[in-house]
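Q: Sequence unavailable; structure follows:
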């Protein structure tokens, strides 16, 4: 993981020989990266991608079966956390205040797709391969998909993809709503978008992420409207909001301070 001078952090899954399949070390690396990024005020945007030929091919079952504790470790849950061990590699991205962009290429299967769904934005290669593949192994998807997929697709689409486990291309994923948009070079496109976002007020970007995350599927209209007002009150007149106004009027690139 690295953080550029523009506040764009790049988190890379590095297990290219296994198409970045998830072993215990990969799980722990993703969780540690999310925690570190969540606590770093200098981070404006995160780009998440996989090294080599794929984004992530899903769970490396063999590595867990041969390890101490087997697959039971995946379901272990700390008393002070909502998500269990496996769920944290998707859910913990929602705890990062800055936007997270997943750049998807090659295989994006099972747990790999659920990691991508945990990002705020997904840019995929048109020929990327995506699948909710758990049914192939007689399992249900259980890495936080209940908190991500309902915001993207209708329930019948979710069921069809889950029941069949079929592989869809990045292009079809865009048509279905799994993918935000496609690009021939998803990493370059993700980095370009990240740079664009990094030039906006980090206070406003973080507030917007919180606003949508907390209200998008909520039926509490009153609470949602109150949150809009509360977040706006926290922005108006603050240094970064003033810097945005000055830049908007002058045409010059704004200089923002890190969120408190």
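A: That came through, no problem. Here the structure is a predicted model, which is why all the values come from computation and not from measurement.
Q: Report the contact partners of residue 93.
A: 34, 46, 48, 100, 115, 118, 119, 120 (C-beta atoms under 8 Å, 6 or more residues apart in numbering). From N, CA and C alone the C-beta is placed, and that goes for glycine too.
Q: Can you add distance to residue 163 and neighbour count and give these back as TSV?
A: Below are the contacts of residue 93 laid out as TSV (distance: C-beta to C-beta, whole Å; neighbours: other C-beta atoms under 10 Å):
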residue	distance to residue 163	neighbour count
34	30	25
46	32	28
48	28	29
100	28	24
115	21	28
118	22	27
119	24	24
120	27	20
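Q: Okay, and which of these map to helices?
A: Using DSSP state H, 34, 115 are the members of the contacts of residue 93 that sit in helices.
Q: Out of the contacts of residue 93, the closest to residue 19 would be?
A: Nearest to residue 19 among those, counting by C-beta to C-beta, is residue 115 at 13.2 Å.
Q: Could you verify my assumption that that closest one touches residue 58?
A: No - here residue 115 lies out of contact with residue 58, judged by C-beta atoms under 8 Å, at a distance of 9.5 Å.
Q: Which ones among the contacts of residue 93 lie within strands?
A: 46, 48, 100 (DSSP state E).
Q: Contacts only, for the second one.
A: The contact partners of residue 48, taken as C-beta under 8 Å, 6+ apart, are 11, 13, 93, 100, 101, 102, 103, 115, 116, 119.
Q: Which of the contacts of residue 93 sits closest to residue 88?
A: Nearest to residue 88 among the contacts of residue 93, with distances taken as C-beta to C-beta, is residue 34, at 7.7 Å.
Q: can you redo the ones in strands among the contacts of residue 93 as JSON lines with distance to residue 5 and pLDDT?
A: Listed next are the ones in strands among the contacts of residue 93 as JSON lines, based on distance: C-beta to C-beta, whole Å; pLDDT from 0 to 100:
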{"residue": "46", "distance to residue 5": "15", "pLDDT": "98"}
{"residue": "48", "distance to residue 5": "19", "pLDDT": "98"}
{"residue": "100", "distance to residue 5": "19", "pLDDT": "98"}
